[in-house]
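Trainee: next one to model:
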Amino acid sequence: MRPGRRASLPDSVDTDAASTVMATWFRVGLIRPAPGTWGSMAALPIGYVLAVAGGPWAVLGGAVVVFIVGLWASRGLIRQLEGTSEASDQPSIVIDEVSGQLLALSTAGTSPLLFVLGFALFRLFDIAKPWPIRVVDRRVPGAWGVMLDDTVAGLFAAVLVLAAAAVIRAYV
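Mentor: Here you go, the predicted structure:
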């Protein structure tokens, strides 16, 4: 499939079901290649609006709300995929990237530099899956596993963004 084209889910999936729409973050997860990156990018404007409107607590609150919705939505899509070859690892589920990316941005404020850093670090941790992210990814099944590995990746990124912000304030 060419870049930018949409992938399809198996015919057994109700693509109009609310859980499918949410799990794919309004179908962003169907964009190929790199649906996780597209999902993370979709979180950037939301994170910025929340940061401007309510500061870091609003961004963190957004991450929590998306996490809770993500548990429900990914569970719904996983149930629809049961019995297919795509049931165990569905790249179209990107609501976990949205939640993890918002968590990563919760310490960025409204700084464009820190937003880019938060995006890059989150993607690095989400793709590379260093310990303990890899352990969560491999050992936690179902919707919890889908959501938690990206939460840990977002937490790692948020801590490093916070450290970078402190260094920037101290030396710039």
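Trainee: what's the helix or strand for Asp14?
Mentor: Using DSSP states H and E, Asp14 falls within no helix or strand.
Trainee: my bad, Ile127
Mentor: For Ile127, the host element (DSSP H and E) is helix 112-128.
Trainee: buried sites along that helix?
Mentor: By 16 or more other C-beta atoms under 10 Å, the buried positions in helix 112-128 come out as Leu114, Phe115, Leu117, Gly118, Phe119, Leu121, Phe122, Arg123, Phe125, Asp126. Heads up, the C-betas are built off the backbone N, CA and C, glycines and all.
Trainee: show me where the protein has its helices.
Mentor: 18-23, 35-54, 56-81, 95-105, 112-128, 133-139, 142-171 (DSSP state H).
Trainee: follow-up on the earlier one: got the angle for the helix holding Ile127 vs helix 95-105?
Mentor: Angle, helix 112-128 to helix 95-105, by axes from the mean of the first three to the mean of the last three C-alpha atoms, to 10 degrees: 140 degrees.
Trainee: and helix 112-128, what does it pack onto?
Mentor: Packing partners of helix 112-128 (3 or more C-beta pairs under 8 Å, 6 or more residues apart in numbering; DSSP states H and E): helix 35-54, helix 95-105, helix 142-171.
Trainee: what mean pLDDT does it have?
Mentor: Averaging pLDDT along helix 112-128 gives 98.
Trainee: repeat that for stretch 41-60.
Mentor: For stretch 41-60, the mean per-residue pLDDT is 98.
Trainee: quick one: low-confidence residue ranges for this protein.
Mentor: Within the chain, the stretches with pLDDT under 70 are 1-7, 85-89.
Trainee: let's see 50
Mentor: Applying pLDDT under 50 to the chain flags the ranges 1-2.
Trainee: nearest to the spatial middle of it, which residue is it?
Mentor: In the chain, the residue lying closest to the centroid (C-alpha atoms, centre = their mean) is Glu97, at 0.9 Å.
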